[in-house]
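[1] The following block contains a protein sequence and its predicted model.
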Amino acid sequence: MTIKKTGPSVKLGVIPSIKLRHKPGLPEVSLIATGGTIGTHVDYRTGGVFMCRTPEEIIATAPDLENIVNLKGVHRPFTLASEDMNHSHWQQIAELAAKELNKGRRGVIVTHGTDTLHFTAAALSFMLKNLSKPVAIIGAQRSPDRGSFDGILNLICGGYFVGHSNIGEVAVVMHGSSSDDFCLAHRGTKARKMHTSRRDAFRSINNLPLARIWPNGKIEVMNENHRKFEDRKVEADTSFEPKVAMVKFYPGSDPGIIDYYVDNDFKGIIIEATGLGHVATGESGTSENETIKSLSWIPHIKAAVDRGVVIVITSQTLYGRVHPFVYRNLRLLYEAGAVFGEDMLPETAYIKLGWLLGHEKNIEKVKNLMLTNLAGEISAETDYRNYLA
């Protein structure tokens, strides 16, 4: 057997890059690269992947993009694993996206790590005020050096979404199945990562996906309840109160965690409760057991509310909505001053509360706005077609 060299040698570890070319007639969009698996490469010294790719190197993985859109603005404000991000990074992305959109770009692609991608999607949904152009947040579950790299299809579908769809919202655009057949566009306030490693890890919760997108450019609108594309100015409204916490209730959990956050001057707390919004109340059964009484969350929540802390109840079940009146124990929680957050995802409720508290100091107004649909985060009614959609 003989081996014949047919082309130029490629050095091990060298990452291909692409020179952007303008093609007349294609829509102009921008790309903001922030890090994550989609921008990684294998380190041949250790065998692990690390974040190192420039935006041009990310784009080189999907050269077909140049036949879909014209990438006019390409930016890398920072390179981070998404678990290292916080509100200041969401603000940077929102401000940069607004700047690009107001230059006349038809849309913006944001590449991002997948672990907290849904937090950023929710943040941009609130921070991009009066948005009427598409913003696609995409990532990858597999690194570009692997044969199962999913970023190629995600980039292509993201290009079609921002360049050719009639949807003017923030959306997570990722694989819709484990195969390379289509992507789904999930509303930014209704998307959640539901698997650690599957390529179709993201799902719409309590909402139908906005659209199904094929790599040939076909876009099938699945949810007619969406903001339509319009070329108008967007405002980056990024004020955010970082002193908001998320607390998970579990059997036997110590309600003193609420006191900890209150004593440390937190302004709001999202409680991930069980079922319809339950936490321990010490009221079930005979309630004669002192341990059961001592684990009641009610007095701690009431004390927090009395000190001006906004307490919002969401559900660990994710699907469905919380309800303050079905059970007596739920009524006790409501009477203590907690706000029941309808069908909002806990992560979305966290983002929304931080954003509202960054703008409004009147606690009653904040509570009312938490129950007002601002960015598609609250469904008007429960549609059972949305379960495991």
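    Nice, thanks for sending it over. Worth saying up front: this structure is predicted, and the values here are computed from it rather than measured.
[2] Only C-alpha atoms from now on, for both contacts and neighbour counts.
    Will do.
[3] Show me the shaky parts of the chain.
    1, 5-14, 43-45, 47, 51, 284-288 (pLDDT under 70).
[4] Walk me through the domains of it.
    When the chain is parsed with automatic domain parsing, its domains come out as 28-236, 244-370.
[5] and the first one, how far apart are its ends?
    Counting by CA to CA, to the nearest Å, the length from the leading to the trailing residue of domain 28-236 is 20 Å.
[6] Tell me which of the domains of the chain sits most buried.
    Highest mean neighbour count among the domains of the chain (mean count of other CA atoms under 10 Å): domain 28-236, with a mean of 22.
[7] How far does that domain sit from its chain's centre?
    Here domain 28-236 is found 10 Å from its chain centre; the criterion is CA atoms, centre = their mean, to the nearest Å.
[8] hang on, residue 65 in a strand?
    No. Using DSSP: H, G, I helix; E, B strand; the rest coil, the secondary structure at residue 65 is helix, not a strand.
[9] Distance of it relative to residue 88?
    From residue 65 to residue 88 the distance is 30 Å (CA to CA).
[10] With residue 121 instead?
    For residue 121 relative to residue 88 (CA to CA), the value is 14 Å.
[11] For residue 333, which three-state class applies?
    Of the three states, residue 333 takes helix under three-state DSSP.
[12] Revised request: answer the last question for residue 270.
    Three-state call for residue 270 (three-state DSSP): strand.
[13] what about the strands in the stretch 151-300 of the chain?
    Here the stretch 151-300 of the chain has its strands, by DSSP state E, counting those that start in this stretch, at 170-175, 183-187, 191-193, 202-204, 211-213, 219-221, 235-236, 244-248, 268-273.
[14] Can you lay out these as CSV showing distance to residue 100?
    Listed next are the strands of the stretch 151-300 of the chain as CSV, based on distance: least, CA to CA, whole Å:
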stretch, distance to residue 100
strand 170-175, 15
strand 183-187, 21
strand 191-193, 24
strand 202-204, 26
strand 211-213, 24
strand 219-221, 24
strand 235-236, 11
strand 244-248, 30
strand 268-273, 33
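[15] Which one, of these, ends up nearest to residue 317?
    Closest of the strands of the stretch 151-300 of the chain to residue 317 is strand 268-273, at 8.6 Å (criterion: CA to CA).
[16] Name the residues that touch that closest one?
    243-250, 279, 309-316, 346, 349-350, 353-354 (CA atoms under 8 Å, 6 or more residues apart in numbering).
[17] so how far is it off the chain centroid?
    For strand 268-273, the distance from its own C-alpha centre to the chain's C-alpha centre is 18 Å (CA atoms, centre = their mean).
[18] what's the angle from that strand to strand 244-248?
    Angle of strand 268-273 versus strand 244-248, following axes from the mean of the first three to the mean of the last three CA atoms, to 10 degrees, is 20 degrees.
[19] Can you give the strand pairings for strand 268-273, parallel or anti for each?
    Paired with strand 268-273 in the same sheet, following DSSP bridges, are strand 244-248 (parallel), strand 310-315 (parallel).
[20] distance between the first one and the chain's centre?
    In other words, strand 244-248. The chain centroid and the centroid of strand 244-248 are separated by 17 Å, computed with CA atoms, centre = their mean.
[21] repeat for stretch 372-389
    For stretch 372-389, the distance to the chain centre is 16 Å (CA atoms, centre = their mean).
[22] buried ones in that stretch?
    Buried positions in stretch 372-389, judged by neighbour count with 16 or more other CA atoms under 10 Å: 375, 376, 377, 378, 379, 382.
[23] What sits closest to the third one if chain neighbours are left out?
    Nearest non-adjacent residue to residue 377, counting by CA to CA, 6 or more residues apart in numbering: residue 189, 5.1 Å away.
[24] ok, that neighbour - contacts?
    By CA under 8 Å, 6+ apart, residue 189 lies in contact with 118, 121, 122, 125, 345, 348, 375, 376, 377.
[25] So the residue most central in space within the chain, which state does it fall into?
    Nearest to the geometric centre of the chain sits residue 118, at 1.6 Å (CA atoms, centre = their mean). Residue 118 falls in the helix class when you classify it by three-state DSSP.
[26] my guess is it meets residue 187, correct?
    No. With contact defined as CA atoms under 8 Å, residue 118 does not reach residue 187; the gap is 9.8 Å.
[27] overlap in contacts of those two?
    Joint contacts of residue 118 and residue 187 (CA under 8 Å, 6+ apart) are residue 172.
[28] Setting the sequence-adjacent residues aside, check what's closest to residue 298.
    Once flanking residues are discounted, residue 298 sits nearest to residue 281: 5.8 Å by CA to CA, 6+ apart.
[29] ok, now how distant is that neighbour from residue 252?
    11 Å.
[30] Residue 31 belongs to a strand, doesn't it?
    Yes. Counting by three-state DSSP, one finds residue 31 located in a strand.
[31] Looks like it contacts residue 108 (just checking).
    Yes. Using CA under 8 Å, residue 31 is in contact with residue 108, at 5.7 Å.
[32] And the helices in the stretch 201-350 of the chain, which stretches?
    Using DSSP state H, counting those that start in this stretch, the helices of the stretch 201-350 of the chain run over residues 256-263, 290-294, 298-306, 328-335, 346-357.
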